[in-house]
Every structure is written in structure tokens, then in C-alpha cells.
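[1] Let me see the structure of the following:
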Amino acid sequence: MTILTTERLRLEPYADDHLDGLFALNSDPAVMRYITGRPDTRDETQAGIERVKARWAEWGYSWWSFFDRASGEIIGSGCIQHLGRDKANPLEIGWRLRQACWGQGYASEAARAMAAFAFDTVGAPLLCAVCHTENQASAKVMQRLGMRYRGVERWYEMDTAVYEMTRADWLRARARPTARQPSRG
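    Okay, the predicted model is just below:
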């Protein structure tokens, strides 16, 4: 199982000792508003950990817990999994964060690391992302990652905005400078 690190985050595959942190995340109604529409119970979070551990064993990828490297606390989670949880579908990238961490760039930071894993390690030709049609914050993360809007499709029992990125798109985006150098003179 693969651990990913970024400047501020350590992404660790779900493990049993992540239960308290993941339950704190998944039981927040605001966090789950656009995901399932309701908070998870502790038993649902535990069952999710078990499913994810099985996917890591079978596929070599699934969900990570996002640990803040400074505090050591779980501040979110994210995934590379098959869209609709069906291996016949392309890979999907997704994330969720504690409310206190919204708007601080953590989702984009984690998404870049997970996308790199999907394209560079797994060898995905295509990466998709879905969000509730009203979830503008998540859609903006998808756009910052370089994903293109594909349209509204039915996934996870709801209408979702679907974004996608090919491996070629990813390679082009990585080749571009991230900031313009100031001109001299």
C-alpha cells in the first residue's frame, strides 16, 4: 500500500486506527451534505474502512486518510477508485475535508498527489471526478487540477457534474510553469 506525501499532508491508506479521525470527518453533516446527504454512523465508517482495506489488497489503490503533517491529525480523506465502484469503469479521484480545513488549498494539494499516483504509478489513461451539481467548491478543485467538464451524469444515485482528464492532459499541465516569473526591467 502506498503512502503519499505533500508539503503539508501525509496520505495513508485507510487503517483500523484511523477510525476516530475518519468518523469525526464522516459524521459532520456539512462535510457529507453533497456526498451522501447525511452523516455516517460509527459502524458505517468502520464498514467503509473494511471495504477500503479489501480494495487496497485487490486493486493496489483506494482511499487514503489525509494527515496534517504538523499536527498528526486526520483532516480529510480521498481516493483513487473505479467510478461507481465498478472495475469496468474508469478511475475516479475524490476527496473530502474537515470544515476547519476548507478553503486552504488542502484538497488541491492532495488531489495533485493522488492524480500523479493514478497517472504515473497505476498508469491510468483517464481520470474522472464527480460532484453534486451544487458543490461549486469541489468543482473548482477539479478545474484547478486541469480537469474538463464533461456534463451531468447519474452516479451514486444522484445527478453529478462530471469532470475528466486524460494522461496527455496531465502531462501537458505538469509541463506548464505554475507561476509566471516577474519581468525585469
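[2] hey, let's count contacts and neighbours off CA atoms from now on
    Fine.
[3] what's the nearest residue to Pro29 if we skip its chain neighbours?
    Spatial nearest neighbour of Pro29, chain neighbours left out: Pro39 (5.0 Å); criterion: C-alpha to C-alpha, 6 or more residues apart in numbering.
[4] In stretch 129-142, which residues are buried?
    Judged by neighbour count (16 or more other C-alpha atoms under 10 Å), stretch 129-142 contains these buried residues: Ala129, Val130, Cys131, His132, Thr133, Ser138, Ala139, Val141, Met142.
[5] Dump those to JSON lines, plus secondary structure, pLDDT and distance to Ala113.
    JSON lines is the format used below for these (DSSP: H, G, I helix; E, B strand; the rest coil; pLDDT from 0 to 100; distance: C-alpha to C-alpha, whole Å):
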{"residue": "Ala129", "secondary structure": "strand", "pLDDT": "97", "distance to Ala113": "15"}
{"residue": "Val130", "secondary structure": "strand", "pLDDT": "97", "distance to Ala113": "18"}
{"residue": "Cys131", "secondary structure": "strand", "pLDDT": "97", "distance to Ala113": "19"}
{"residue": "His132", "secondary structure": "strand", "pLDDT": "95", "distance to Ala113": "23"}
{"residue": "Thr133", "secondary structure": "coil", "pLDDT": "96", "distance to Ala113": "25"}
{"residue": "Ser138", "secondary structure": "helix", "pLDDT": "96", "distance to Ala113": "16"}
{"residue": "Ala139", "secondary structure": "helix", "pLDDT": "97", "distance to Ala113": "17"}
{"residue": "Val141", "secondary structure": "helix", "pLDDT": "97", "distance to Ala113": "13"}
{"residue": "Met142", "secondary structure": "helix", "pLDDT": "97", "distance to Ala113": "13"}
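[6] Now flag whichever of these is closest to Glu109.
    Checking the buried residues of stretch 129-142 against Glu109 with C-alpha to C-alpha, the nearest one is Val141 at 9.5 Å.
[7] Leaving out chain neighbours, which residue sits closest to that closest one?
    Nearest residue to Val141, sequence neighbours excluded (C-alpha to C-alpha, 6+ apart): Ser108, at 5.7 Å.
[8] Quickly find the element holding the one you found.
    Assessed by DSSP states H and E, Ser108 sits inside helix 106-116.
[9] now swap in Ile49 and tell me
    For Ile49, the host element (DSSP H and E) is helix 42-59.
[10] next structured bit after that helix?
    Once the chain leaves helix 42-59, the next helix or strand it forms, by DSSP H and E, is strand 63-68.
[11] what mean pLDDT would you report for that next one?
    Averaged over strand 63-68, pLDDT sits at 98.
[12] buried ones in the helix or strand of the chain with the lowest mean pLDDT?
    Lowest mean confidence among the helices and strands of the chain (mean pLDDT, DSSP states H and E): helix 167-175, at a mean of 88. By 16+ other C-alpha under 10 Å, the buried positions in helix 167-175 come out as Arg167, Asp169, Trp170.
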